[in-house]
Structures are given as structure tokens and as C-alpha cells.
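Trainee: need a structure here:
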Amino acid sequence: MGTLGWLSSKLSGSLRFKYMSLVRLNIKGISYSQTQNGAYALILNEVDGDRKLPIVIGAFEAQSIAIALEKEISPPRPLTHDLFKNFADRFDVVVKQVIIHKLVDGVFYSSLICERDKIEEIIDARTSDAIALALRFQAPIFTYKNILDKAGIYLKVNPKKEDEDQEDSVILDELVANEMEPNPNEQRETYKGKTIEELQKLLEEAVATEDYEKAAHIRDEISKRE
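Mentor: Predicted coordinates for the structure are as follows:
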């Protein structure tokens, strides 16, 4: 069985043969929010189509991806993703491709398809990490058609460069506005009225959605009461 078919059967029975609907993506670039400091979006383009897939990422991951995109930039010491690449090279592990295979509540889930000694393995990864590694391994990036149908945004036909950059910034600002949490002081006021059991449940939900900043604030509130 080929890699894509094997991946589909591994992920779940309902995904079997779904590899036929995989869509290849290219990295268009990284957009910085004009209204929210420290907010970035990774913009992926459909290779054989007119849609882009914007994904909100953190500042560290944005920096790592930007460095990988700019071939002339070489950090004095290896970043985390560079270290992973060096480690993998030393032990003959190759990332063959990245597949963004799930979208739940605005969170993208990805898998690394790796190979060592002609044996393939699937490793779960955050999408931002997976893209940073795909760049370093020169591995192709894919997603499923239904994910692109759900989250993709159509490109303008032959846009001007300045119009395209402005459009990316507007997209990011809208994404960030939908995902922004109240400031820490507002959060503390909100959490004061919660029981320990309710806070534990909120903590589990924050970790499940990879909202680690929110999880940290909840953990702080729990610690104060213990």
C-alpha cells in the first residue's frame, strides 16, 4: 500500500481511500497583523487552484518558518526545528511529506510521514511545527479537499502585490479577532467565580485546543487556591 493509502487507514477507517481527495499546498508566506501585536498567519496556497489556507501561528514558529524561507539567513546556533533536522539526518530519518488531516474548532491537526530504513511511520505534530520541518526537509505539504472547502479563502485574480499583502493582513486580523481571549486581568476576574472542578475542566479544554496561554492563566488561578 502506498504512503497516502497507508496514512488514511492508520488515521481512521473513515479516512480510508480519502487520500484520493488530497490537495497539494505551497507556502505563500507569513502575514503580520496590523492591529494585534505578535499575531502571525501562515498563508498556504492551493497548487492547482485559487484558494489560500490561512493558519494563525505563534511568533517563534513564524520566525522559524521565515528563516527557512529565507535561504540566505543562517542563525548562529540551530533553532529547535534545525536541531530536529540535524538529529534526523544523523540517524537517517527523512520527513517525506506533511498532511494537514483534520480541522476541529479552528485548530488544524497535522502528521509527519517519516521514513527510516524503508519503514514509514506517522508522527503527530502541530501544523506550524510540521510546516517548519517540511521546509527543512523540502517535503511536500498536503491537506484534504474537505478541509480546504471549509477553511480555504479564494484568491483575487491577478491581484497587485500591495493589494494582496493588504488582503492577507485583513484575513489575519479577522482570524485573530475571532480567536482573541480577554486580557489576563479580565481572565482572572472571570475565573474567580469558578469552582476548582470547573477550572480543571477549562484547563483540560484549553490544553486540548492547544491554547497554552489560556491554560497557563487557568493553572495560575488553580495554584492560588491550592
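
Trainee: so what's the residue count around the closest residue to residue 144 other than its chain neighbours?
Mentor: Spatial nearest neighbour of residue 144, excluding adjacent residues (C-beta to C-beta, 6 or more residues apart in numbering): residue 21 at 5.7 Å. Bear in mind the C-beta positions are built from the backbone N, C-alpha and C, glycine included. Close neighbours of residue 21, defined as other C-beta atoms under 10 Å, add up to 15.

Trainee: 28 is where my numbering starts, stick with that
Mentor: Shifting the count to begin at 28 puts that one at residue 48.

Trainee: quick one: residues contacting residue 48.
Mentor: Residues in contact with residue 48 (C-beta atoms under 8 Å, 6 or more residues apart in numbering) are 171, 172, 173.

Trainee: can you tell me which of the residues you listed end up in strands?
Mentor: Of those, the ones assigned to strands by DSSP state E are residue 171.

Trainee: show the buried residues in the contacts of residue 48.
Mentor: Listed as buried from the contacts of residue 48 are residue 171; burial here means 16 or more other C-beta atoms under 10 Å.

Trainee: could you dump the contacts of residue 48 into TSV and include distance to residue 126?
Mentor: Supplementary listing: these in TSV, determined by distance: C-beta to C-beta, whole Å:
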residue	distance to residue 126
171	8
172	12
173	13
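
Trainee: which one of the contacts of residue 48 is nearest to residue 162?
Mentor: residue 171 (21.0 Å; C-beta to C-beta).

Trainee: doesn't residue 50 make contact with that closest one?
Mentor: Yes: with contacts counted by C-beta atoms under 8 Å, residue 171 reaches residue 50, the gap being 7.1 Å.

Trainee: how near is the nearest residue to residue 76 once chain neighbours are set aside to residue 118?
Mentor: Leaving aside its chain neighbours, residue 76 sits nearest to residue 50 (7.3 Å; criterion: C-beta to C-beta, 6+ apart). Residue 50 sits 31 Å away from residue 118, going by C-beta to C-beta, to the nearest Å.

Trainee: swap in residue 163?
Mentor: Relative to residue 118, and taking C-beta to C-beta, residue 163 is found at 15 Å.

Trainee: please say which of those two ends up with more neighbours.
Mentor: Between residue 163 and residue 118, residue 163 has the larger neighbour count (other C-beta under 10 Å), namely 21 against 7.
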